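Chemist: sequence and predicted structure are below.
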Amino acid sequence: MRIIETKVYLFNELNEDAKENARNWWRGIGFDYNWWDFIYNDAESIGIKISSFDLYRKEIDGEMILSAAEIAQNIFNQHGESCDTYKTAANFIELWQPIYNDYMDENGANYLCSMLEEALIELEEEFISSLLQDYLSMLNKEYEYMLSDEYVDESIIINEYEFYEDGSRA
């Protein structure tokens, strides 16, 4: 039988090079959960179902599960004025409201009604596309924050991980 003694260190006890090794270790395992769930849930609470995203390709897919007007109203009720989604919704309503009013006034005139309906559909498609881009931006910001030294250090310290002198996980 042998007994081997070794020293282990908490993150704050490591030198800077070892801390960087520990951060790299965390970045390799720190994303083993659906970190995007709260952003998906936020989108769903306003009426958008995000189905997928790819930060590297800058792509996001989703669909409206409520009408565009309901989505805009939910954003006004749930998001602050400084949010990109709020600004997107305000811009949409500003453009949508006069077309919608004209559409409702012209219900009997088929040609004009059809043109206004097409304009409303196009505006709604642009709205959902813009909102999905806002959510893609949120996902990207969250991902970048989760890679930051500040977040990684906090996560390591809170979990009280131990390391060898070189920063490799004990």
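Modeler: Thanks, I have the structure now. Fair warning: this is a prediction, and the values are worked out from it, not measured in the lab.
Chemist: and Asn34, that one's in a helix?
Modeler: No. The assignment for Asn34, made by DSSP: H, G, I helix; E, B strand; the rest coil, is coil rather than a helix.
Chemist: what are the buried residues along stretch 127-139?
Modeler: By neighbour count with 16 or more other CB atoms under 10 Å, stretch 127-139 contains the buried residues 127-128, 130-132, 134-136, 138-139. Every C-beta, even on glycine, is put in place using the N, C-alpha and C of the backbone.
Chemist: and the contacts of that stretch?
Modeler: Contacts to stretch 127-139, defined as CB atoms under 8 Å, 6 or more residues apart in numbering, come from residues 36, 39, 43, 48, 50, 53, 55, 58-64, 68, 71-72, 83-85, 88-89, 91-92, 96.
Chemist: re earlier: of the buried residues of stretch 127-139, which belong to strands?
Modeler: Using DSSP state E, no member of those falls within strands.
Chemist: and which of those residues is nearest Tyr9?
Modeler: Within the buried residues of stretch 127-139, the smallest distance to Tyr9 is 34.4 Å, found for Leu139 (CB to CB).
Chemist: doesn't Arg27 make contact with Asp153?
Modeler: No. With contact defined as CB atoms under 8 Å, Asp153 does not count as touching Arg27 (11.5 Å).
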